[in-house]
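In: Below: sequence and its predicted model.
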Amino acid sequence: MEKAIFLLPNKIKKPVFTDTVKRIVLWDIVIFFLLFITSNIFTIVITNKILTDNLDERLKNEVATLLDSFTVQADSIKFLGYSEIKEPDFTTVNSGAFFLQVYGVKGKLLLSSDNIKSFEAIPFKFPFTSTQYEFENLAAGNHQLRVVYAPMLNDKNKIVAYLQLSVFRTEYSSVMKKIILFNLLNLPFILALIIVVSIFLAKKSYSPLNKIISIAENISANNLNARIKYEAHPEDELGRLRDTLNNLFTRLEVQINQISQFTDNASHQLMTPLTAVKTELEYILKHDRKPEEYKETLTLLNVQTDKMISIIKSLLIIAKYSGSTDNNQSVFMVSQVINDYIKPAFKEYNINYDIGDYLYVRGTAEGFQIVLENLIDNAIKYSPNNPGIAVTAKRYYDNIIISVEDYGYGISDEEKEKIFERFYRAASSIKENIKGYGLGLCLVKTIVQSMEGTIKVEDNIPAGTKFTVSFPTVKVV
Ligand code: ADP
């Protein structure tokens with residue numbers, strides 16, 4: 001019988017830039033812009049501070065020299081150092097020029113350097129009370145100036161006049177402009193670099209994932225029994241992904257095998273009764289028949305239908321229990337199932353029960369009932385003249401042991417290995433014309449295993465067969 005082939009859709013062409021890569025690149029660009037703006041603000045603030053400090057230092061030094069050129073007596077000041085303000089820095093308007101103005105306390109201009117005449121009017125902040133130097137930025141026409149105010153004190157510490165000294169901030173502005181321009185010009189290159197690096201990093205960090213995906217794709221398409229082999233710690237994200245997918249494949253494989261086995265077996269086994277039905281129908285429909293003949297055919301059809309129902313029922317139960325432990329959420333008491341279902345079902349037979357009390361097993365009572373029914377059914381079927389059957393249930397250490405013994409035909413050692421296989425029937429049962437489909441023991445074994453139990457078969461003494469089922473005990477408090 002051919003296995004079902006599961007076709008998968010053709011491989012979809014993978015885009016170079018997946019949405020995930022695009023998202024990462026976008027995030028990188030946003031983060032980069034925030035960093036760029038923050039670092040620019042930081043650079044401008046720091047540079048501003050350094051340049052202003054430099055200007056202030058220059059102004060302070062010059063003011064100190066100028067103040068030395070004045071003598072202050074009571075309410076009057078005398079300027080001794082005219083040679084000082086005759087230097088080019090005070091007479092011409094160049095980038096290093098100093099602009100000096102001295103005002104009296106009443107706001108009268110007492111002295112100014114020559115270069116002011118050929119420059120703009122420099123506003124004077126007046127009056128101020130601090131006896132310290134005061135610095136500020138000023139605009140004179142289109143020019144940006146850094147200005148210091150120095151109070152001129154007499155020997156009684158009284159302000160007699162104010163000295164104002166100004167310098168250009170042009171150099172400072174050009175440095176700032178250069179920094180900003182430099183950063184703006186570099187921005188497209190840095191941006192391009194960020195995009196390339198982000199794409200590279202995103203691709204690199206997703207490459208193990210892509211590797212796992214392509215192995216998984218391969219497995220689904222070709223062979224379901226293969227597994228993903230990727231070196232990663234089980235707690236690592238990639239290790240967890242590998243294990244999750246592998247577990248999924250195992251479950252899929254089990255289920256697909258079950259489906260295909262079910263289809264194989266069902267179609268194979270149903271073919272015989274269906275062929276019998278078809279032959280019978282063809283025969284009866286060939287001519288007009290007597291009512292008795294129709295009745296005979298219908299009876300035969302009924303027998304064949306029962307056969308098919310029985311086969312399908314068994315196969316469905318096997319499918320339900322194979323590889324599944326989902327039914328183990330509940331617990332039942334062995335003696336209760338035997339008293340309520342088994343004893344009434346086999347009351348016409350000579351069966352000796354020795355059942356311990358309070359023996360609990362994990363699984364479904366329904367499954368356990370099917371197990372016992374099949375074992376007892378077989379014991380009856382394969383024991384001519386019904387010489388007696390014994391069913392016992394007891395605790396043995398950590399297990400609950402249930403056995404079904406008969407004194408019938410027995411099973412040869414060679415056949416003991418095969419009787420649990422699907423549709424296997426011993427030659428003697430076929431020879432003796434004992435009815436059956438070879439599904440009972442397969443069903444029993446499937447259910448027992450689904451309940452985490454084991455089953456074994458041995459010769460009974462002095463004759464016959466003994467089936468022993470063992471389940472882990474459940475402590476019920
Ligand atoms: P079936 O009884 O429908 O043939 P089973 O799967 O229940 O199918 O059993 C498989 C085979 O094992 C039987 O055909 C029979 O030969 C053998 N067998 C099962 N139980 C017994 C038993 N108690 N004594 C002797 N043979 C048995």
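Out: Now that the structure is in, tell me what you want to look at.
In: avg pLDDT for the helix or strand containing Leu26?
Out: Assigning secondary structure by DSSP states H and E places Leu26 in helix 19-67. Confidence for helix 19-67, expressed as mean pLDDT, is 89.
In: what helices or strands is that helix leaning on?
Out: Helices and strands touching helix 19-67, by 3 or more Cβ pairs under 8 Å, 6 or more residues apart in numbering; DSSP states H and E, are strand 134-140, strand 143-153, strand 159-168, helix 170-221. C-betas here are computed from N, CA, C, even on glycine.
In: Mind doing that once more with 10 Å?
Out: helix 88-91, strand 99-104, strand 134-140, strand 143-153, strand 159-168, helix 170-221 (3 or more Cβ pairs under 10 Å, 6 or more residues apart in numbering; DSSP states H and E).
In: Of all the ones you listed, which one comes closest to Ile400?
Out: helix 170-221 (40.3 Å; Cβ to Cβ).
In: could you check the angle strand 134-140 makes with the closest one?
Out: 90 degrees (axes from the mean of the first three to the mean of the last three Cα atoms, to 10 degrees).
In: helix or strand right after helix 170-221?
Out: Per DSSP H and E, the first helix or strand lying C-terminal to helix 170-221 is helix 237-286.
In: what angle sits between that next one and helix 170-221?
Out: 30 degrees.
In: Do any residues in helix 237-286 lie close to the ligand?
Out: No. On the criterion Cβ under 6 Å from any ligand atom, helix 237-286 is out of touch with the ligand, staying 11.3 Å away.
In: Go through the helix or strand harbouring Phe467 and flag the buried ones.
Out: Here Phe467 sits within strand 465-472, counting by DSSP H and E. By 16 or more other Cβ atoms under 10 Å, the buried positions in strand 465-472 come out as 465-471.
In: cool, and stretch 163-174?
Out: Buried-residue list, stretch 163-174, by 16+ other Cβ under 10 Å: 163-169, 172.
In: Now the terminal residues of it, how far apart.
Out: 28 Å (Cα to Cα, to the nearest Å).
In: Now do it, average pLDDT.
Out: So the average pLDDT for stretch 163-174 ends up being 84.
In: what's the distance between Asn247 and Asn225?
Out: Asn247 sits 14 Å away from Asn225 when distances are taken as Cβ to Cβ, to the nearest Å.
In: Nearest to the ligand among the buried residues of strand 465-472?
Out: Thr465 (4.1 Å; Cβ to the nearest ligand atom).
In: partner residues bridging the closest one?
Out: Asp459 (DSSP bridges).
In: so it touches Glu458, yeah?
Out: Yes. In this structure, Thr465 is within contact of Glu458 by Cβ atoms under 10 Å, at 7.6 Å.
In: Mind listing the shared neighbours of these two?
Out: Residues touching both Thr465 and Glu458 (Cβ atoms under 10 Å, 6 or more residues apart in numbering) are 405, 411, 416.
In: Report the secondary structure state of the second one.
Out: Same thing as Ile411. Look at Ile411: counting by DSSP: H, G, I helix; E, B strand; the rest coil, its state is coil.
In: That one against Ala427, yeah?
Out: No. Using Cβ under 10 Å, Ile411 is not in contact with Ala427; the gap is 11.1 Å.
In: gap between Gly436 and Phe182?
Out: Applying Cβ to Cβ to Gly436 and Phe182 gives a distance of 93 Å.
In: Looking at the two, which has the bigger crowd around it?
Out: Gly436 (17 against 11; other Cβ atoms under 10 Å).
In: OK, contacts around the more buried one?
Out: 310, 377-378, 381-382, 423, 425-426, 429-430.
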